[in-house]
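J.: Could you work out the structure for the sequence below:
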Amino acid sequence: MLVLTRRHGESVRIGPDVRVTVVASTGGQVRIAIDAPEEVGIFREEIFERVASANVEAASMSKAMLDDLPVGGASRTMESEGASDE
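T.: As a prediction, the model looks like this:
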C-alpha cells in the first residue's frame with residue numbers, strides 16, 4: 001500500500017485518467033474529489049463490500065430455490081404437472 005501526504009488542493013494521479021484531489025480536511029475527516037472516466041467504477045469501501053456479499057449470496061442460491069421461482073406467470077411445478085387450460 002502506498003501512503004502519501006497531500007494538502008488541501010493537491011492531487012494524486014492514478015494512471016493517465018484518474019485524479020484524486022483533497023478538497024477539505026477537518027477533524028478526522030478528509031473530503032476528496034475524484035475525476036475519472038464514467039466507465040471506472042468508484043465505490044465507498046463499505047458499499048462495495050455489501051454489494052459483493054449480496055452477489056456471493058445470490059450466486060449460491062440452491063437449484064431447489066431456483067426451481068421454485070415463477071416462470072412466465074406460473075411456477076415450474078405447475079408446468080411440470082401438465083397444468084393447462086385445455
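J.: these two touch, right, residue 36 and residue 43?
T.: No. In this structure, residue 36 is not within contact of residue 43 by CB atoms under 8 Å, at 11.8 Å. C-beta coordinates here come from the backbone N, C-alpha and C atoms, glycine included.
J.: Looking at those two, which one has more neighbours?
T.: Taking other CB atoms under 10 Å, residue 36 and residue 43 do not tie; residue 36 has more neighbours (14 against 11).
J.: any idea of the pLDDT on that one?
T.: pLDDT, residue 36: 97.
J.: need the contact list for it.
T.: 17-19, 42 (CB atoms under 8 Å, 6 or more residues apart in numbering).
J.: Any buried residues in the strand of greatest length in the chain, and which?
T.: Ranked by number of residues, the top strand in the chain under DSSP state E is strand 18-26. For strand 18-26, the neighbour count (16 or more other CB atoms under 10 Å) marks 20, 22 as buried.
J.: The protein: helices as residue ranges?
T.: 45-59, 63-67, 76-80 (DSSP state H).
J.: what is the rounded mean pLDDT of the second one?
T.: Helix 63-67 shows a mean pLDDT of 70.
J.: And the contacts of stretch 21-35?
T.: Residues contacting stretch 21-35 (CB under 8 Å, 6+ apart): 6-12, 18-20, 42.
J.: Please list only the buried members of these.
T.: Buried among the contacts of stretch 21-35 (16+ other CB under 10 Å): residue 20.
J.: Farthest-apart pair in the contacts of stretch 21-35, please.
T.: 7 and 42 (22.4 Å; CB to CB).
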